[in-house]
Structures are given as C-alpha cells and as structure tokens.
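> here are the coordinates; sequence isn't available:
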C-alpha cells in the first residue's frame, strides 16, 4: 500500500492519498489542462475522479504514466484516466503505452490521404447527382410504343375523349 496513509474518521478507517501523490497528480492535471487548451480549471470532483481512478499507482508510476501520456496523447481534449492507466509501465521505464506519438510527417501524410479520399468521393458523387440546371435542360422523349388497335381499345379512347370534352369543353 505504497503512497497510502491510513486515517481514522470516527470508527471507520478510510484510505487517503499521500500529499506527494496528490500534489504530483494536480501538477500533471494542470500541465494537461494547459497543453490541451482546457479553458477552465478542473473542478474538485474531476480531480477526485482522477485520484480514484489512479489510486493504486505509486508516485513514480503516476509520473511515468503521465509523462508517456503527455508524449502520446494526440487529441485536443484532456486524456481520460483510463488512458493514463494504459500508459503505466509494467516494468520501470518500459514502453507499454498503447499510443505511439505521431510525427508531423506522418500526420501530414494521413491528412493528405484523407483529403485525397474525400476529393475522390466528392467527384464520384458529382458524377451521379444532377443539378437543378441539369434538370431544366433534361428532355425526356417518350419511346414509341406499339399499340394494337383493337375494337375495345378504340372504344375506350373514344369514351375518354368524350369525357375530356365534357369536362373541359370541346377545345382540346
């Protein structure tokens, strides 16, 4: 139970973090806040959440994990406690952190690859989509369909003609 101090509160024993651990964690959280452009400081509850999540670490493990997190974390937001835990070395000074730092050349290559894929997608979509200007120019010509002029068909057409003339007048 390195780094823990037993404290009596009434009849119950509650573990409490050493001040060295708490101070170290607060320094790292302040550094993360500045590095990852957090506009406001962390609340006491947020700091407590980090303390609870990292409670079983020694001060040395905390410092090593936070240093690896600072080098490996690539998002703009604060690193969550779970990511810091994943960066805890299994052996002193080992490289067990899951995320490797991305070089600026690699980041640029990834950006160019994503941009090229987006351009290809946009061009592909534009080939398939008609614009409003295209729709106004579109003329659909009916295909000639052969119709067999049976007596029933001729009678149906004559009846439809009479109905249209009756409805709209004889001006058709």
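Noted; the coordinates are in hand. What you see is a predicted model; the values in this text were computed from it and never measured.

> where's the closest residue to residue 53 other than its chain neighbours relative to residue 45, distance?
Ranked by Cβ to Cβ, 6 or more residues apart in numbering and with sequence neighbours excluded, the top spatial neighbour of residue 53 is residue 81, at 3.5 Å. C-beta: built from backbone N, CA, C; applies to glycine. When Cβ to Cβ, to the nearest Å is the yardstick, residue 81 and residue 45 sit 13 Å from each other.

> the two: which has the busier surroundings?
Neighbours were counted for residue 81 and for residue 45 using other Cβ atoms under 10 Å; residue 81 has more, 14 against 7.

> just the pLDDT for the residue nearest to residue 53.
In this prediction, residue 81 carries a pLDDT score of 90.

> how close does it get to residue 128?
As defined by Cβ to Cβ, residue 81 lies at a distance of 47 Å from residue 128.

> can you count the residues close to residue 29?
20.

> not counting its neighbours along the chain, what's nearest it?
Nearest non-adjacent residue to residue 29, counting by Cβ to Cβ, 6+ apart: residue 42, 5.8 Å away.

> OK, contacts around the one you found?
Shown in contact with residue 42 (Cβ atoms under 8 Å, 6 or more residues apart in numbering): 29, 33, 50, 78.

> equivalent analysis for residue 35, please.
Residue 35 makes contacts with residue 70, as judged by Cβ under 8 Å, 6+ apart.

> contacts only, for residue 84.
Shown here is residue 84, whose contacts under the criterion Cβ under 8 Å, 6+ apart are 50, 53-54, 65-66, 69.
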